[in-house]
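Visitor: starting from these lines, generate the structure:
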Amino acid sequence: MTTPLAGITVLDFGQIFQGPYATMLMAKAGANVIKIEPPGGEPLRRRAIAQGEETTLPMAMLNANKRAVTLNLKSDRGRELLKRMVAKADVLLENFSPGAMDKLGVGYAVLQPVNPRLIYATGTGFGISGPDRDNLAMDFTIQAASGIMSVTGDPNGPPMKAGPTLVDFMGGIHLYGAVMTALFHRTQTGLGQLVEVAMQETVYPSLASSYDYFFRTGKTPPRAGNRQAGLASAPYNTFVTQDGHVAIHVVTEGHWQNLLKAMGRADLADDPRFSTNPERTKNMTETEALVTHWTSGLTKAEVVAILKRLKVPAAPVRNPVEVMNDAHMHERGMLQRVQHPSLGEVILPNSPLRLHGADRVEPVPSPKLGEHNMAIYGEWLGLGGETVEGLQRDGVI
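Guide: Residues are numbered from 1 along each chain as shown. Prediction:
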C-alpha cells in the first residue's frame, strides 16, 4: 500500500476539534497516529461520558484511523513513558493552552534533546508569544476577537457568529500544513523544529473583502447579511423560492447577461442601472428585487437547473441532513457510511486531500479510550503485558 505519510509516527495530544482534525488528515494520509489522552479522556470524549455515552459523532469523525492510549503526564512515570515514545516518533502535536506542556515538564525544550528530528506542533488561540498569549481562546471567542462576528449577521441586527466552528478547523488545517512543511524541511536538514499556529492569525485573510471595503470607503465594514462582504458585487445574495432559498453570485458580465436570459428579461441588457457591476451595486435593492421576482415563482431545483444550464453560479441552500446524504460526495468517497461499534451506522468524512496515484486509507472507526494501551506500551515500547497492567493499576496510563 502506497500512502504519502507511511512510516511517519505522530503523537497526538489534540483535543476537541483543532488538533484532532490536523492529525485526522495525517492518519488518512497513512501516518501512524497515536492519540494520547489523560486517563479520564480528552474533553470531547468526556462530554460523551458525562451523557452516559461512550463517544459522540464529532469524536468519531475526527479520530478515525487512529490508535488510542492513556497517559498521566502529572506522574514521573508518565513523563518517562512519553520521552520513550518521543524517541521513536516523528511528530508531536498538541493544542493545549500556551505553556501547558512546559508546566508538565515535557515542553519542546525538554523533548527536543530526546529526539532532534522531532517536529513539535502547537496550536493556540493567539500564539505562544505576545500580550494576548494567555487569553482563553475558543472558536466563539476567536470569532469575536478576529472580526468575523462584526461582519456576520443582518445589517440591522447584532453581531453573529458563523454557524460552524470555522476557526477551530482553519486552525487545524494550518497545523497540518505547518507539520507537512516542517517534515519537508527535515528531509533537507535532518532536523525537526517547533512549529506553531495561532487561530486568530489563520482567519485574518478570510476578511479580505471587509478590509477592501474599509480601504475603498474609509468606513468600518458593515454586516452585510448574505450580500458580498465588501458590498462590491451584485447580485450576490440568497433569494426566496417556493420551497426555500437559493444562493446566486454573479461574478462576470457574462453571468449577468445569462441571468437576464434565464429571467426572461433580455430587454434589460442595456439598461444603464444594471449594465455593469458598479451600477448594479449602486442599485443593489432594485437589482435584487428583479431576481427575487423570478425565483419566487420557482422551486430551488428549478432555479438551479436553469442557471446550471446557462452557466450562472448558483446553489440551493441545503440543511446539514441533506448534505450528509449528498450523492456527489458519496460517489467521490468523501462521505462514507461506516459501522461504528458504539454509534451504529454513521456517515464519516474522508480526507478532502486527494493525491492521485497514492492509495486512500480505508476508514477505521475511532478507538475507545485507551484501546491500544497494550499494543503501544506492551509491544511498540516493549514493556510487556505485566508492566502495562501495573501501569494501569497505578494510574499512570
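
Visitor: which residue sits farthest out from the middle of this structure?
Guide: Asp267 (45.3 Å; C-alpha atoms, centre = their mean).

Visitor: that one and Met284: what is the separation?
Guide: Distance, Asp267 to Met284, using C-beta to C-beta, to the nearest Å: 20 Å. C-beta here means a position set from N, CA and C on the backbone, and glycine is covered the same way.

Visitor: ok, Leu383 next?
Guide: Distance of Leu383 to Met284, computed by C-beta to C-beta: 68 Å.

Visitor: contacts for stretch 373-389, please.
Guide: Residues outside stretch 373-389 that contact it (C-beta atoms under 8 Å, 6 or more residues apart in numbering) are Ile34, Arg67, Val69, Thr70, Leu81, Arg84, Met85, Lys88, Leu391, Gln392, Ile397.

Visitor: which of those fall within strands?
Guide: In strands, defined here by DSSP state E, the members of the contacts of stretch 373-389 are Ile34, Arg67, Val69, Thr70.

Visitor: ok, now how distant is the third one from Gly41?
Guide: It stands for Val69. Distance of Val69 to Gly41, computed by C-beta to C-beta: 12 Å.

Visitor: how is the protein partitioned into domains?
Guide: 9-204+332-393, 236-317 (automatic domain parsing).

Visitor: out of those, which is the most enclosed?
Guide: domain 9-204+332-393 (a mean of 18; mean count of other C-beta atoms under 10 Å).

Visitor: any idea how far apart the tips of that one sit?
Guide: Taking C-alpha to C-alpha, to the nearest Å, the first and last residues of domain 9-204+332-393 lie 27 Å apart.

Visitor: quick one: the helices in the stretch 101-250 of the chain, in order.
Guide: 108-114, 139-146, 166-189, 199-203, 208-217 (DSSP state H, counting those that start in this stretch).

Visitor: CSV please, covering the ones you listed and showing distance to Glu379 and mean pLDDT.
Guide: Output for the helices of the stretch 101-250 of the chain, formatted as CSV (distance: least, C-beta to C-beta, whole Å; pLDDT from 0 to 100):
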stretch, distance to Glu379, mean pLDDT
helix 108-114, 21, 98
helix 139-146, 37, 97
helix 166-189, 25, 98
helix 199-203, 37, 97
helix 208-217, 50, 96
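
Visitor: ok, which stretches of the stretch 251-397 of the chain are helices?
Guide: 253-263, 277-282, 284-295, 300-309, 320-324, 327-332, 373, 385-393.

Visitor: between those helices, which gets nearest to His340?
Guide: Ranking the helices of the stretch 251-397 of the chain by their distance to His340 (criterion: C-beta to C-beta) puts helix 320-324 first, at 14.6 Å.

Visitor: how close does Lys282 get to Phe274?
Guide: 10 Å.

Visitor: what's the answer for Thr287, then?
Guide: Noted for Thr287: a distance of 6 Å to Phe274, by C-beta to C-beta.

Visitor: so what sits against both of these two?
Guide: Going by C-beta under 8 Å, 6+ apart, residues that sit against Thr287 and also against Phe274 are Arg280.

Visitor: hang on, the earlier thing: mind putting the domains of the chain in a markdown table, distance to Ser210 included?
Guide: A markdown table is the format used below for those (distance: least, C-beta to C-beta, whole Å):
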| stretch | distance to Ser210 |
| --- | --- |
| domain 9-204+332-393 | 5 |
| domain 236-317 | 14 |
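
Visitor: of all those, which lies closest to Asn226?
Guide: Closest to Asn226 of the domains of the chain, according to C-beta to C-beta: domain 236-317, at 4.6 Å.

Visitor: gap between the closest one and the chain center?
Guide: Counting by C-alpha atoms, centre = their mean, to the nearest Å, domain 236-317 is centred 31 Å from the centre of its parent chain.

Visitor: can you check stretch 10-17 too?
Guide: Chain-centre distance of stretch 10-17: 14 Å, with C-alpha atoms, centre = their mean.

Visitor: residue nearest the centroid of the protein?
Guide: A centroid search over the chain (C-alpha atoms, centre = their mean) returns Phe169, at 2.3 Å, as the residue closest to the centre.

Visitor: what sits against the closest residue to that residue other than its chain neighbours?
Guide: In space, and not counting its chain neighbours, Phe169 is closest to Tyr21: 5.7 Å by C-beta to C-beta, 6 or more residues apart in numbering. Contact analysis of Tyr21 by C-beta under 8 Å, 6+ apart lists Gly14, Leu62, Asp168, Phe169, Gly172, Ile173, Tyr176.
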